[in-house]
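**Student:** Next comes the sequence, and after it the predicted model I'd like to discuss.
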Amino acid sequence: MYNSVVIINSETLGRGDDGVGSSLLGVFLRKILASPVRPDAIVFYNSGVRLLTHGSLFLDILNALEQYGVELIACGTCVYKVCGQNSLLVGRISNMDEIGQILLYARKTLTL
């Protein structure tokens with residue numbers, strides 16, 4: 001069972017200016033990395049899966065989070081449709097069966 005799970009469903013945080021949203025997401029991820037309390041997992045779906053692929057501005061942060069034991073879970077359908085089958089550089093591909101179970105049984109979820 002997961003205690004806390006963060007959901008990232010976009011390449012940016014919030015709506016409006018994408019540059020500002022990207023910067024905010026980077027700040028959020030760096031704050032998680034620096035925090036003594038980290039989520040058990042981060043679930044990525046829709047265009048959020050692009051953060052796990054070549055060209056992502058946050059690969060170093062996400063790699064470090066994974067090294068600290070944060071599970072990075074990508075929706076497989078989203079990866080295949082948005083990025084291409086073999087595009088993940090960090091994290092792992094899953095499916096909505098597992099993602100649904102993770103979210104339903106997590107004690108706490110946070111959607112960005």
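**Tutor:** Yep, that arrived.

**Student:** Show me the longest helix that occurs in this structure.
**Tutor:** Using DSSP state H, we find that the single longest helix of the chain is helix 18-34.

**Student:** Partner strands of the helix or strand just after that one, with direction?
**Tutor:** Next along the chain after helix 18-34, taking DSSP states H and E as the criterion, comes strand 41-44. Strand 41-44 has its sheet partners listed here by DSSP bridges as strand 4-8 (parallel), strand 71-75 (parallel).

**Student:** Tell me the helices and strands packed up against the next helix or strand after strand 41-44.
**Tutor:** Using DSSP H and E, the helix or strand that follows strand 41-44 in sequence is helix 59-67. Helices and strands touching helix 59-67, by 3 or more Cβ pairs under 8 Å, 6 or more residues apart in numbering; DSSP states H and E, are helix 18-34, strand 71-75. C-beta coordinates here come from the backbone N, C-alpha and C atoms, glycine included.
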